[in-house]
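S.K.: Need the 3D shape of this:
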Amino acid sequence: MVNTEEIMDLALKLAALEDVPEDSAIYVRGDNIRSILFGIDAGVPELLLAKRYGYDAVIAHHPQGGTAITDFYQVFKKHVKQMVAAGVPLKSAEMVVEKKLRELEMDAHMRNYDHAVDVAGLLEMPFMNIHTPLDEVGRRIMIEKINSKIREDSTLQDVVSALKELPEFRNAATEIKIRLGSAADPAGKVVVSHGAGTNGGYEIAKAYFEYGVGTVVYIHLRSGDLEKLKAEKKGQLIVTGHIASDSVGMNPLIYELEKRHVSVEKIGIVPS
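M.R.: So this is what the prediction gives:
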């Protein structure tokens with residue numbers, strides 16, 4: 001048995017984080033949890049399903065309410081640290097992130113931020129979401145896999161092949177796509193841009209390319225951003241797929257919960 005705080009602490013430990021990020025929260029706490037309904041997206045329908053079938057708690061990956069929605073934009077600042085680590089100057093990284101940060105804050109201001117949370121309270125169903133910690137777990141797994149396989153003369157196909165050794169990518173309905181460049185092109189320096197709330201789109205990929213990164217790995221990307229990057233012809237881009245990539249970071253937490261004799265029913269999570 002576990003409680004909601006122990007689950008959050010376990011996720012933080014896996015991600016090597018000390019504090020709960022702004023996009024993760026315990027909405028309705030609970031104790032003596034033996035069975036969990038766990039989904040990438042889990043809101044009112046899943047809460048009702050869990051209540052009907054006797055689950056002890058519901059966990060979502062994506063934010064579902066409260067400050068995890070209203071303050072979600074704050075975690076986007078994590079892109080700055082990732083960019084600086086890859087060689088982008090601090091001032092340039094901060095300038096690139098600032099524009100998207102304003103857009104995310106305005107988007108959050110429009111959201112119905114307590115709908116699902118209030119339903120969970122009425123149902124007395126323990127409810128939480130864990131976003132950035134699990135994305136950080138996934139990011140590190142992806143980086144470790146790439147670094148274990150890629151050499152100076154590696155190609156984009158080599159990067160794709162390395163990632164496809166992870167079972168979530170092999171089992172997914174989506175395929176890893178080379179969106180900029182060709183399979184035989186040299187990969188150069190590879191950066192996995194993930195675990196900062198959402199992808200950096202055109203601006204952050206462009207900054208990476210301008211400061212020596214050959215290949216950026218995103219988990220998803222809008223078509224408009226891709227077209228801008230194609231027009232500039234400055235770098236290469238691999239997109240791994242949203243749900244498969246999220247699953248890479250979620251499955252390690254599920255394993256840890258199961259080791260503690262907690263039953264976890266997955267919704268929409270790609271198996272490993």
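
S.K.: Can you report how many residues lie near Lys233?
M.R.: 9 (other C-beta atoms under 10 Å). Yep, even glycine has a C-beta here, placed from its N, CA and C like the rest.

S.K.: count of neighbours near Val213?
M.R.: The burial count for Val213: 22, using other C-beta under 10 Å.

S.K.: Three-state assignment for it, please.
M.R.: Of the three states, Val213 takes coil according to DSSP: H, G, I helix; E, B strand; the rest coil.

S.K.: Pull the contacting residues for it.
M.R.: Residues near Val213 by C-beta atoms under 8 Å, 6 or more residues apart in numbering: 86-87, 188-191, 235.

S.K.: at 7 Å instead, please
M.R.: 86, 189, 191, 235 (C-beta atoms under 7 Å, 6 or more residues apart in numbering).

S.K.: ok, so of the residues you listed, who is nearest Phe127?
M.R.: Val191 (34.6 Å; C-beta to C-beta).

S.K.: Now do the strand or helix carrying the closest one: distance to the chain's middle.
M.R.: Per DSSP states H and E, Val191 falls inside strand 190-192. Averaged C-alpha coordinates place strand 190-192 at 15 Å from its chain's average position (C-alpha atoms, centre = their mean, to the nearest Å).

S.K.: And stretch 177-195, by the same measure?
M.R.: 18 Å.

S.K.: So for it, first residue to last residue, what's the gap.
M.R.: One end of stretch 177-195 to the other measures 19 Å (C-alpha to C-alpha, to the nearest Å).

S.K.: Now do the buried residues in that stretch.
M.R.: Applying a neighbour-count criterion of 16 or more other C-beta atoms under 10 Å, one finds 178-181, 187-195 buried in stretch 177-195.

S.K.: hey, what's Gly39 bridged with?
M.R.: Ala60, Ile267 (DSSP bridges).

S.K.: Can you name the next helix or strand after the strand holding Val191?
M.R.: Strand 190-192 is succeeded, C-terminally, by helix 201-210 (DSSP H and E).

S.K.: which of the residues in that next one are buried?
M.R.: 201-209.

S.K.: on that earlier part again, what comes into contact with the strand holding Val191?
M.R.: So strand 190-192 is contacted by 86, 139, 142-143, 146, 150, 159, 208, 213-217 (C-beta under 7 Å, 6+ apart).

S.K.: which of the residues you listed has the weakest pLDDT?
M.R.: Ranked by pLDDT, the contacts of strand 190-192 bottom out at Ile150, which has 94.

S.K.: pretty sure it contacts Val160?
M.R.: No - if you go by C-beta atoms under 7 Å, Ile150 and Val160 don't touch, sitting 10.9 Å apart.

S.K.: residue ranges of the helices in this protein, please?
M.R.: 4-15, 44-53, 67-70, 78-85, 90-109, 115-123, 132-149, 156-163, 167-171, 201-210, 223-232, 242-259 (DSSP state H).

S.K.: Those helices into JSON lines, with extra columns for distance to Lys266?
M.R.: Shown next, in JSON lines, are those (distance: least, C-beta to C-beta, whole Å):
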{"stretch": "helix 4-15", "distance to Lys266": "15"}
{"stretch": "helix 44-53", "distance to Lys266": "12"}
{"stretch": "helix 67-70", "distance to Lys266": "21"}
{"stretch": "helix 78-85", "distance to Lys266": "26"}
{"stretch": "helix 90-109", "distance to Lys266": "28"}
{"stretch": "helix 115-123", "distance to Lys266": "19"}
{"stretch": "helix 132-149", "distance to Lys266": "13"}
{"stretch": "helix 156-163", "distance to Lys266": "21"}
{"stretch": "helix 167-171", "distance to Lys266": "12"}
{"stretch": "helix 201-210", "distance to Lys266": "29"}
{"stretch": "helix 223-232", "distance to Lys266": "29"}
{"stretch": "helix 242-259", "distance to Lys266": "7"}
